[in-house]
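A.B. asks: Requesting a structural model of the entry that follows:
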Amino acid sequence: MTFSIRKAIKQDMPRVLELIKELADFEKEPEAVEVTIEELIKGGFEEPVQFVCFVAECNNRIEGIALVYNRFSTWKGVVLHLEDLIVSHNMRGSGLGTALLDEVVRYGQSLGVKRIGWEVLDWNQSAIDFYEKKGADIKRDWHIVHLTKDGMKNYIANI
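C.D. replies: Got it, this is the predicted structure:
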């Protein structure tokens, strides 16, 4: 199977959003996606650029993405966050995930980051196995914390 990895362009964002929605379906949260194509274009291509997206193409169709952005760690300094690595359902096991992760790691090294981090659901054993096989350290004793838009509103109302 032949495929290529490249940086996304604005015109890719409709397909990127389709893959984001496919991931939300897989993670049993189809209604959770609020981002729009316009927000993806603004975030990825207008100043200040908020993320970089790599796409995997096979037969002139985007079948995978990796979306990353810089963060600052008080312990490490500049680090890279992998928000999502998504491979379309029909292309899983084809090598696209490895190629995308390889590109993310090369990109991180080119930036001189000291760490690349991301999250994985505890029930997604195939993803956990994939990441561990690549040498990733899964931090099972950490909890992810989110304060949603409504949570922020309630928080502010109570201070």
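
A.B. asks: what about Ile86, is that helix, strand or coil?
C.D. replies: Ile86 falls in the strand class when you classify it by DSSP: H, G, I helix; E, B strand; the rest coil.

A.B. asks: just the one 4 residues further on next, same as before
C.D. replies: Following three-state DSSP, Asn90 is assigned to helix.

A.B. asks: residues contacting the residue nearest to it when sequence neighbours are not counted?
C.D. replies: Distance criterion CB to CB, 6 or more residues apart in numbering; nearest residue to Asn90, sequence neighbours excluded, is Glu63 at 7.7 Å. Glycine gets a C-beta too; all of them are placed from N, C-alpha and C. When contacts are counted by CB atoms under 8 Å, 6 or more residues apart in numbering, Glu63 touches 3, 56-57, 87-88, 90-91, 94, 96.

A.B. asks: On the three-state scheme, Glu63 is what?
C.D. replies: Per three-state DSSP, Glu63 ends up strand.

A.B. asks: cool, Arg71 as well?
C.D. replies: strand.

A.B. asks: Quick check: the gap between it and Leu17.
C.D. replies: Noted for Arg71: a distance of 23 Å to Leu17, by CB to CB, to the nearest Å.

A.B. asks: So if I had to pick from these two, which one is more boxed in?
C.D. replies: Leu17 (17 against 14; other CB atoms under 10 Å).

A.B. asks: Centre-most residue in the protein?
C.D. replies: Asp84 (1.7 Å; CA atoms, centre = their mean).

A.B. asks: Can you pull the phi/psi pair for the spatially closest residue to it that is not a sequence neighbour?
C.D. replies: If the residues on either side of it in the chain are set aside, Asp84 comes closest to Leu67, at 5.2 Å by CB to CB, 6+ apart. Main-chain dihedrals, Leu67, degrees, to the nearest 10: phi -110, psi 120.
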